[in-house]
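K.L.:
no FASTA, just this:
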């Protein structure tokens, strides 16, 4: 690598590290899996997966340590990048390997998964690394890679059993039958090892098929959409890589078979390792693009132009919406975020048609990295004005003269909705927080409870009789939809008689 390219890699690494750490302490918990895992940890109800056990150690019963609970995911991702370098260096070559890691860091999905305290980044890294070691064993069937594979297989199944088994067992079978050296996998026997790991985890009560602690799980539409968003900065190269794989797998070319195994079974298993496979596909196309005989130039250019046009038509209404919602600060933040991304994407297109290697690499990789940076530094503070209402509402309740932390608190969780972000914050302030499953028995709980705090959505609070709101707040949920919450303080009959 030249000195200039080394500097570029160092700069990209710096931005990636910033993206992974910035705003992790400031950002309110996300509704759904992150809030659920925090709630379970605070109630001593954590599950048996590694990320849940670790979070139960980090979480306290009286606070929500935002930075601390999100730090393990960041560390896991950084360690996984280093581990992938060690596993794949001799197989891929330094140029393709560095590009793969840079593109994965520039993904609009994976670094953001690492910033959320759920099991997703744990599942992605363990499954991705296990697949990489599987390929390494095919080429170098040594004891070292056998042991490493078994260890990663154990972790992958422990973290997310169903997805890991579908992805790793399916891709192993595919390679066994189609790869020229696939019979080497018989000595590794990943299927027997997978069954053994499954049974050991089952009988030690460490096995779970629950998807509650994950953002996507087997939600196909969310999985596909988020994967598409993740590869937008290098969409054209991924399309070219898929096209090349489809053409060459029929001719039994080795790299095409390896790529096809990963692509097919990552899709079937809803494995986030798909992002790592996409990054590898794009890195190979990025390397070969400047070859005079490169046959997939039209696909790359078409994907890049499609992305550029789509970005313009998405970013423009977002700027208008930001102005309408936040006035001038919102417009400036969205203009800076979207403008930098669009200009760098345009620079990448110039590099494609130039052709110019520096423009292409800089536009693609810095475009993805800086979009993430600007989102967290420019847009997220504005979003938190609307999304930090759970903290504010709980603080308002504690400032009420008639409220103290010994009082029970009640919230409602409607079925088929994400786990309420308000729950862990209420638990931190009121240790006796109870979560009602739906609002059907809300009036009964109100009538039978003594002195208590009720933190309810407006639609639920309106169902109560003889309830006078103490305070209210309006904000956004994690899907950017408006929500209205009400603080109610229920007095016991004794308190009412004393006041009279």
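P.N.:
Received, thanks. Not measured: the values here are computed from a predicted model.

K.L.:
any weak-confidence spans in the protein?
P.N.:
The model of the chain has pLDDT under 70 over residues 61-62, 401, 466-468, 492-500.

K.L.:
mind giving me the domain split of it?
P.N.:
As recorded under automatic domain parsing, the domains making up the chain are 3-384, 389-499.

K.L.:
Name the stretch among those domains that sits most buried.
P.N.:
Comparing those by mean neighbour count (mean count of other C-beta atoms under 10 Å), domain 3-384 comes out on top with a mean of 19. In this view, the C-beta of every residue, glycine as well, is placed from N, C-alpha and C.

K.L.:
what's the spacing between it and its chain's center?
P.N.:
Distance of domain 3-384 from its chain centroid, counting by C-alpha atoms, centre = their mean, to the nearest Å, is 9 Å.

K.L.:
Endpoints of that domain, how far apart?
P.N.:
End-to-end distance of domain 3-384 (C-alpha to C-alpha, to the nearest Å): 41 Å.

K.L.:
Likewise for stretch 426-434?
P.N.:
Termini of stretch 426-434 sit 9 Å apart (C-alpha to C-alpha).

K.L.:
how about the most centrally placed residue in the chain, what does it touch?
P.N.:
Nearest residue to the geometric centre of the chain (C-alpha atoms, centre = their mean): residue 113, 2.2 Å. If a contact means C-beta atoms under 8 Å, 6 or more residues apart in numbering, then residue 113 has 73, 77, 120-121, 124, 215, 272 as its contacts.

K.L.:
Next, give me the two most distant ones among those residues.
P.N.:
Largest separation among the contacts of residue 113 by C-beta to C-beta: 77 and 215, giving 14.8 Å.

K.L.:
In three-state terms, label residue 483 for me.
P.N.:
Following DSSP: H, G, I helix; E, B strand; the rest coil, residue 483 is assigned to strand.

K.L.:
Touching, it and residue 457? I think so.
P.N.:
Yes - with contact defined as C-beta atoms under 8 Å, residue 483 reaches residue 457; the gap is 6.5 Å.

K.L.:
So residue 455 versus residue 232, what's the distance?
P.N.:
Residue 455 is 38 Å from residue 232, where distance means C-beta to C-beta, to the nearest Å.

K.L.:
quick revisit: just to be sure, the residue nearest to the centre of the chain is in a strand?
P.N.:
No - under three-state DSSP, residue 113 falls outside any strand and is assigned helix.

K.L.:
In this protein, where's the longest helix?
P.N.:
In the chain, with assignment by DSSP state H, the single longest helix is helix 297-353.

K.L.:
Pull the residues that contact the next helix or strand after that helix.
P.N.:
Downstream of helix 297-353, the next assigned helix or strand under DSSP states H and E is helix 357-361. Identification of contacts with helix 357-361 by C-beta under 8 Å, 6+ apart yields 8, 286, 289-290, 347-348, 350-352, 354.

K.L.:
again with stretch 396-410
P.N.:
426, 429-434, 436, 442, 445, 449, 451-456, 470-471, 473, 487, 489, 491.

K.L.:
Let's see which of those residues end up in strands.
P.N.:
Among these, DSSP state E puts 433-434, 436, 452-456, 470-471, 473, 487, 489 in strands.

K.L.:
nearest spatial neighbour of residue 456, skipping sequence neighbours?
P.N.:
residue 486 (5.3 Å; C-beta to C-beta, 6 or more residues apart in numbering).

K.L.:
again but with residue 163, I slipped
P.N.:
residue 269 (4.7 Å).

K.L.:
what's the distance between the one you found and residue 28?
P.N.:
Computed as C-beta to C-beta, the residue 269 to residue 28 distance reads 31 Å.

K.L.:
same question, residue 128
P.N.:
Residue 128 is 29 Å from residue 28, where distance means C-beta to C-beta.

K.L.:
residues touching the spatially closest residue to residue 264 that is not a sequence neighbour, list them.
P.N.:
The spatially closest residue to residue 264, leaving aside those adjacent along the chain, is residue 174, at 6.8 Å (C-beta to C-beta, 6+ apart). Counting by C-beta under 8 Å, 6+ apart, residue 174 touches 257, 260-261, 264-265.

K.L.:
Which two of those residues have the greatest separation?
P.N.:
Top of the distance list for those (C-beta to C-beta): 257 and 265, 12.5 Å.

K.L.:
Am I right that residue 84 is in contact with residue 132?
P.N.:
Yes - in this structure, residue 84 is within contact of residue 132 by C-beta under 8 Å, at 5.9 Å.

K.L.:
Give the intersection of the neighbour lists for the two.
P.N.:
Common neighbours of residue 84 and residue 132, using C-beta under 8 Å, 6+ apart, are residue 276.

K.L.:
And residue 27, its phi and psi?
P.N.:
For residue 27, the backbone dihedrals (degrees, to the nearest 10) come out as phi -80, psi 130.

K.L.:
distance of it from residue 34?
P.N.:
10 Å.

K.L.:
And for residue 159?
P.N.:
On the measure of C-beta to C-beta, residue 159 and residue 34 end up 16 Å apart.

K.L.:
Residue 379 now?
P.N.:
19 Å.

K.L.:
just residue 434 next, same as before
P.N.:
Taking C-beta to C-beta, one finds residue 434 at 21 Å from residue 34.

K.L.:
now do residue 90
P.N.:
On the measure of C-beta to C-beta, residue 90 and residue 34 end up 38 Å apart.

K.L.:
and residue 173, what does it touch?
P.N.:
residue 191.

K.L.:
Report the separation between it and residue 9.
P.N.:
From residue 173 to residue 9 the distance is 37 Å (C-beta to C-beta).

K.L.:
Could you pull up the residues touching the closest residue to residue 449 other than its chain neighbours?
P.N.:
Nearest non-adjacent residue to residue 449, counting by C-beta to C-beta, 6+ apart: residue 490, 5.9 Å away. For residue 490, the contact set (C-beta under 8 Å, 6+ apart) comprises 446, 449-454, 467.

K.L.:
from what I can see residue 458 touches residue 485, true?
P.N.:
Yes - between residue 458 and residue 485 there is a contact at 6.9 Å, judged by C-beta under 8 Å.

K.L.:
residues shared between the contacts of the two?
P.N.:
With C-beta under 8 Å, 6+ apart as the test, residue 458 and residue 485 both reach residue 472.
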